[in-house]
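Q: mind folding the following:
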Amino acid sequence: MCELARSAGVLAPMQALENINNYIQSLTTFHESYDYFLTRPLPRHPLRSARRRRHPACRRWPGC
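A: The predicted structure follows:
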């Protein structure tokens, strides 16, 4: 079992970990330069859900 683990090598997992770290670093660099609060809002208001009229007797029951 140990020989099988030794033969697998460490180079491929180390390269994969380095690729993941590089990707995370690039995301960090992007988010540091991106301003969340000064970005342009949506061009239009989001759609509102259609509100249905409730019968007056139903208003006192929340699930009606």
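
Q: pLDDT score for H31?
A: pLDDT, H31: 78.

Q: how many neighbouring residues does it have?
A: The tally of other residues near H31 (other C-beta atoms under 10 Å) stands at 9. C-betas here are computed from N, CA, C, even on glycine.

Q: what about it, which SS state?
A: helix (DSSP: H, G, I helix; E, B strand; the rest coil).

Q: low-confidence regions, this structure specifically.
A: 1-2, 4-5, 35-64 (pLDDT under 70).

Q: again, 90 this time
A: Along the chain, segments meeting pLDDT under 90 span 1-14, 26-64.

Q: so how far is Q25 from S33?
A: With distances taken as C-beta to C-beta, to the nearest Å, S33 is found 13 Å from Q25.

Q: meant to ask about A16
A: 15 Å.

Q: before we move on, what about S7?
A: 32 Å.
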